[in-house]
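Asks: A predicted structure for the sequence below; I have some questions about it.
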Amino acid sequence: MSTDPESETLPPQDMPSFVSTLKSSKHIIAIAGAGLSAASGIPTFRGTGGLWRKYDAVGLATPEAFKANPSRVWQFYHYRREKALAAQPNQGHLALAMFSIPSLREKIVPGASFTLVTQNVDGLSRRALDQIAEMHPELEEEIRSPVVQDSMLEMHGRLFDVVCTSSTCGHKEHNLDSPICPALAGTENVFAQDAPEPDIDVADLPKCKKCGSLARPGVVWFGEMPWYLTEIGEHVKKADLCIVVGTSSTVYPAAGFASKVRAHGGDQRADFLFLGPSESTLPKALGLQDNRG
C-alpha cells in the first residue's frame, strides 16, 4: 500500500481486496515516513515547503553542518523538539500501534507478525503505544513487553535522545526537557517570526551530563548509518506484505524496502494505492476503524 504514486499507471484503490490480502499475509512490515505525522502538526521539512526560515532544513541535518555551526543546528532541533512536544499522536499512529499489539492483531490477521519501521524521529509512534496502555490498562503488560517494544524500529534515531560528541564518552540519554537548555529558550518563536538569528556560545549549548562535552541530537543525519539495518533486512526478507505510508520513497535505504519485498516473493497479486490522509486510511486498511482507542 502506498500514498505517493510515482508511476503514470496507478494501482487500484480497492480496500476490500487489500483487506483480503492483509488477512492472508503472515509477515507484515510497515514503512512510515513524515506524512504519518503531518496530521499531528509536525512539518515535513522537504519539498517546496521544507524550508526552515532561509535555510534548507535538509542541509542542517548533517554532521558537517553541526561542526560548522552547532548553535544554528541546535536551534533547529530545539524548534523541532518543541513542535513534537506540543503534538499528539493521530489516528494513523494509533492504528499502527494497535496493530503492533499481538492480542489485537490476532483478531484481524491470525498468526501474523508485524514490524513497524519508521523514519520519523518525533517519538509519536511510541507515544501512541503509551496512550493505548493508559486507556486500556488490561493491555499495559503486553504493550511493555519486548515483543511489542522491539517491533517498532526507529531507523533514523530519536529527537529526544541526546548524545555526547566526545569519542571517549559517547553517553546517550533520553531528555524531554523544554527547553533542553536555558540558552535555547524562546528561539523557536524567534525563528517562526524570521527574526535575526541568535549566536549562542558553544558553552551554553546542551552538554553531556556525564562528562560535560558538547552534546548533539540523537538522530541519524545524512551521511550517517541508520539504526537497525541488519534487523530490518531480516524482516524485509521474510515479509510477504509491505505497507508504505506517508513517504515519497526518495531517501535510501528505506526507499528500497517495498521493492525488495516484491522481488523476493512478497504478494505479487496486486499493489494498492490509497490516496488521502493516513489518519483516516490506516484505521480502515488495518481493520481498526471501529476499535480506536
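Replies: Thanks, I have it. Bear in mind the structure is a predicted one, so any value in this text is a computation, not a measurement. Residues are numbered from 1 along each chain as shown.
Asks: make it CA atoms for all contacts and neighbour counts henceforth
Replies: Will do.
Asks: His93: neighbour count?
Replies: 26 (other Cα atoms under 10 Å).
Asks: and it, helix, strand or coil?
Replies: helix (DSSP: H, G, I helix; E, B strand; the rest coil).
Asks: help me confirm that it comes into contact with Gln131.
Replies: No. Using Cα atoms under 8 Å, His93 makes no contact with Gln131, being 10.5 Å away.
Asks: which residues does the residue lying closest to Val219 once chain neighbours are set aside contact?
Replies: Once flanking residues are discounted, Val219 sits nearest to Gly157: 4.3 Å by Cα to Cα, 6 or more residues apart in numbering. Applying Cα atoms under 8 Å, 6 or more residues apart in numbering, we find Gly157 in contact with 120-121, 218-220, 226-227.
Asks: pull out the buried members of these.
Replies: 120-121, 218-220, 226 (16 or more other Cα atoms under 10 Å).
Asks: narrow those residues to those in helices?
Replies: With DSSP state H as the criterion, helices contain none of those.
Asks: next up, the contacts around the spatially closest residue to Gly223 that is not a sequence neighbour.
Replies: Closest residue to Gly223 apart from its sequence neighbours, by Cα to Cα, 6+ apart: Thr62 at 6.9 Å. By Cα under 8 Å, 6+ apart, the contact list for Thr62 reads 221-223.
Asks: just the strands from the stretch 101-250 of the chain, written as ranges.
Replies: Counting by DSSP state E, counting those that start in this stretch, residue ranges of the strands within the stretch 101-250 of the chain are 113-118, 152-154, 157-164, 172-174, 215-219, 241-245.
Asks: those into JSON lines, with extra columns for mean pLDDT and distance to Glu188?
Replies: As requested, the strands of the stretch 101-250 of the chain are arranged in JSON lines below (pLDDT from 0 to 100; distance: least, Cα to Cα, whole Å):
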{"stretch": "strand 113-118", "mean pLDDT": "96", "distance to Glu188": "25"}
{"stretch": "strand 152-154", "mean pLDDT": "97", "distance to Glu188": "25"}
{"stretch": "strand 157-164", "mean pLDDT": "98", "distance to Glu188": "15"}
{"stretch": "strand 172-174", "mean pLDDT": "97", "distance to Glu188": "21"}
{"stretch": "strand 215-219", "mean pLDDT": "98", "distance to Glu188": "16"}
{"stretch": "strand 241-245", "mean pLDDT": "90", "distance to Glu188": "29"}
